[in-house]
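Participant: Everything below, folded, please.
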Amino acid sequence: MDCLEVAELINNTNGSRTEIFWTISDIRNQRRDFQKVIVQHVSRNCNAYTHSLAKFALGSNSPNVWLNSIPPEVQIVFDVL
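Facilitator: Predicted coordinates for the structure are as follows:
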């Protein structure tokens, strides 16, 4: 399953894949708390910074908070792209 399929499942009210039904259901229920929520797919090549930062976060063992400056290991993501 890829991100496009997940976005389509969230926006579709006609059902969901069984293995992620409860997650999709929770997302649908929680977005009712907001006046407007848009869920859409953005291809990886159009979203390279976010994709790279997500990969960085997956490799981290603890939460990260950055104040006033970007850590060198994150700055590399922006320099390379």
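Participant: Sketch out the low-pLDDT regions of this structure for me.
Facilitator: Residues of the chain that meet the criterion pLDDT under 70 lie in 1-2, 13-17, 80-81.
Participant: what are the ranges of the helices in it?
Facilitator: 3-11, 21-30, 48-58, 72-80 (DSSP state H).
Participant: and the angle for the longest one with helix 3-11?
Facilitator: An angle of 90 degrees separates the directions of helix 48-58 and helix 3-11 when computed by axes from the mean of the first three to the mean of the last three CA atoms, to 10 degrees.
Participant: Next, the buried residues of helix 48-58.
Facilitator: 51, 52 (16 or more other CB atoms under 10 Å). All C-beta atoms are positioned from the backbone trio N, CA, C, and that covers glycine.
Participant: Out of the helices of the chain, the one nearest residue 40 is which?
Facilitator: Across the helices of the chain, residue 40 has its closest neighbour in helix 3-11 (5.8 Å, CB to CB).
Participant: Give the buried residues for the closest one.
Facilitator: For helix 3-11, using 16+ other CB under 10 Å, the buried residues are 6, 9, 10.
Participant: May I have the phi/psi pair for the residue of the chain most remote from its centre?
Facilitator: The C-alpha centroid of the chain is most remote from residue 68, which lies 24.2 Å away (CA atoms, centre = their mean). Main-chain dihedrals, residue 68, degrees, to the nearest 10: phi 70, psi -20.
Participant: separation between it and residue 74?
Facilitator: Noted for residue 68: a distance of 13 Å to residue 74, by CB to CB, to the nearest Å.
Participant: Please apply the same query to residue 12.
Facilitator: Distance, residue 12 to residue 74, using CB to CB: 35 Å.
Participant: Show me which of the two is the more surrounded one.
Facilitator: The residue with more neighbours, out of residue 12 and residue 74 and counting by other CB atoms under 10 Å, is residue 74; that gives 16 against 11.
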